[in-house]
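1. Below are the sequence and a predicted model; questions follow.
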Amino acid sequence: MSRSETLTRQPSFPTVVNDNRLRLFSGSSNVQLSKEVARYLGIDIGPMVSKRFADGELYVQIQESIRGCDVYLIQPVCRPVNDNLMELLIMVDACRRASARQITAVLPYYGYARADRKTAGRESITAKLVANLITEAGADRVLAMDLHSAQIQGYFDIPVDHVYGTPAILDYLRTKDLSDVVVVSPDVGGVARARAFAKKLNGAPLAIIDKRRQAHNVAEVMNVIGDVKNKTAILVDDMIDTGGTITEGARLLRREGARQVYACATHAVFSPPAVDRLSSGVFEEVIVTNTIPVPHDKQFDQLTVLSVANVLGETIWRIHEDSSVSSLFN
């Protein structure tokens, strides 16, 4: 299996859903992930028509009875962000009008999450706006993975289950038997994420990159807080967009004497020129998950894509059975 192929963890025990009240539907943004989740649960993706009118308007129709059912709609809000968000809202509305008992919006990637607070005058908080739209459309619950900031959960007035893609990444790193590991946060805002990652990676030491951002998608790296000399540095973030922050961080770690540098992120947004930056040779490996589909033209030799289908599938099953979700990550 090449590094660019999707790796799928096998479930630790067979999971087959015999409850016909649980229904799974997929939007168009990541059908392959939806199929993997359905395979883990042992059910089929429900039949649904999603098409466009000539002027670009979206049309959705559920093609089976879901009256009294618990419906799970899988739709990461990734590129094209506006179309995929609108499709999710229409799916929720269609299910509500079809008398579903409970509708859960499953968001492996939550778009518009980066504007999650007000840092200047006359700007919107789009993370809150999207939460309002999903709630008003008729969703009863949200299942999200690796939100850009945990506070986004508080923007919803409905239950939110927040799960993580890091178990898949940690399991993969353990198979590599890396030595002298130091986990590095690419900025101060990601320290809590990196600290939790380091704790689960055999209590590895932590380092922090101090940087100042002059504009969106433009990063200026300043210095490293912590010891990385002659160590294997693992940069941990929730997403890689243009790759500027994490690539500049890797170059700094190399200058500070790091022996190897790995990049780990849950969401592979990969906006240009991310692929050029990430494949420039500064990383031994770039490890991401399949919350966002990675097309062939965005794959490169150093890339490894891990599947989070089992995490999502197990979480869906536990929500349906009213059992604990948090125990998945303890």
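-> Yes, it's here.
2. what's around the closest residue to I316 other than its chain neighbours, how many residues?
-> Using Cβ to Cβ, 6 or more residues apart in numbering and skipping the chain neighbours, the partner closest in space to I316 is Y72 (5.4 Å). For glycine as for every other residue, the C-beta is placed from the backbone atoms N, C-alpha and C. Other residues near Y72 come to 29 when the count uses other Cβ atoms under 10 Å.
3. Surely T266 touches V288?
-> Yes. With contact defined as Cβ atoms under 8 Å, T266 reaches V288; the gap is 7.0 Å.
4. what comes up buried for stretch 188-205?
-> Using 16 or more other Cβ atoms under 10 Å as the test for burial, stretch 188-205 gives 190, 193-194, 197-198, 200-201, 204.
5. Give me the subset of those that lies in helices.
-> 193-194, 197-198, 200 (DSSP state H).
6. closest to I134 among these?
-> R193 (23.9 Å; Cβ to Cβ).
7. Relative to L129, how far out is the closest one?
-> Going from R193 to L129 by Cβ to Cβ, to the nearest Å gives 24 Å.
8. cool, and R277?
-> 30 Å.
9. Neighbour count for those two, which is higher?
-> R277 (21 against 13).
10. ok but that one is inside a helix, no?
-> Yes. Counting by DSSP: H, G, I helix; E, B strand; the rest coil, R277 is found in a helix.
11. my guess is it contacts I240, does it?
-> No. The pair R277 and I240 fails to qualify as a contact (Cβ under 8 Å) at a distance of 9.2 Å.
12. Show me where the stretch 151-300 of the chain has its helices.
-> 166-176, 191-200, 244-255, 274-278 (DSSP state H, counting those that start in this stretch).
13. As JSON lines, these with distance to M48 and mean pLDDT would be great.
-> Below are those laid out as JSON lines (distance: least, Cβ to Cβ, whole Å; pLDDT from 0 to 100):
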{"stretch": "helix 166-176", "distance to M48": "28", "mean pLDDT": "94"}
{"stretch": "helix 191-200", "distance to M48": "35", "mean pLDDT": "94"}
{"stretch": "helix 244-255", "distance to M48": "37", "mean pLDDT": "93"}
{"stretch": "helix 274-278", "distance to M48": "32", "mean pLDDT": "97"}
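14. show me where pLDDT drops low in the stretch 1-150 of the chain?
-> Counting by pLDDT under 70, the ranges of the stretch 1-150 of the chain that qualify are 1-19.
15. Start from the N-terminal end of it and give the strands.
-> Remark: strands assigned in the stretch 1-150 of the chain by DSSP state E, counting those that start in this stretch are 6-7, 22-26, 48-52, 58-62, 70-74, 102-107, 141-145.
16. and of those strands, who's closest to Y164?
-> strand 141-145 (6.7 Å).
17. domains in the chain, as residue ranges please.
-> The chain breaks down into these domains under automatic domain parsing: 8-164+310-329, 166-307.
18. before we move on, back to that, which stretch among the helices of the stretch 151-300 of the chain is buried most, on average?
-> Among the helices of the stretch 151-300 of the chain, helix 244-255 has the highest mean neighbour count (mean count of other Cβ atoms under 10 Å), at a mean of 22.
19. ok so, going back, give the contact list for the residue nearest to I316.
-> 22-25, 104, 106, 143, 316 (Cβ atoms under 8 Å, 6 or more residues apart in numbering).
20. buried subset of those?
-> 22-25, 104, 106, 143, 316.
21. closest to K118 among the residues you listed?
-> L143 (26.9 Å).
22. Pretty sure that closest one sits against T315.
-> Yes. Counting by Cβ under 8 Å, T315 is a contact partner of L143 at 6.1 Å.
23. any residues in contact with both of those two?
-> Residues touching both L143 and T315 (Cβ under 8 Å, 6+ apart) are 161, 163.
24. what's the burial count for C264?
-> Here the number of neighbours of C264 (other Cβ under 10 Å) works out to 26.
25. How about the contacts made by the closest residue to N20 other than its chain neighbours?
-> Closest residue to N20 apart from its sequence neighbours, by Cβ to Cβ, 6+ apart: C69 at 7.9 Å. Residues near C69 by Cβ under 8 Å, 6+ apart: 20-23, 100-101.
26. How much space separates C69 from A309?
-> Taking Cβ to Cβ, one finds C69 at 21 Å from A309.
27. same check, this time on Y72
-> In terms of Cβ to Cβ, Y72 sits 13 Å off from A309.
28. repeat for T119
-> T119 is 36 Å from A309, by Cβ to Cβ.
29. out of these two, which sits in the busier spot?
-> Between T119 and A309, counted using other Cβ under 10 Å, the more crowded position is A309 (27 against 8).
30. nearest residue to that one other than its sequence neighbours?
-> Going by Cβ to Cβ, 6+ apart, A309 has E36 as its nearest residue, at 3.4 Å.
31. That concludes my questions; thank you for your assistance.
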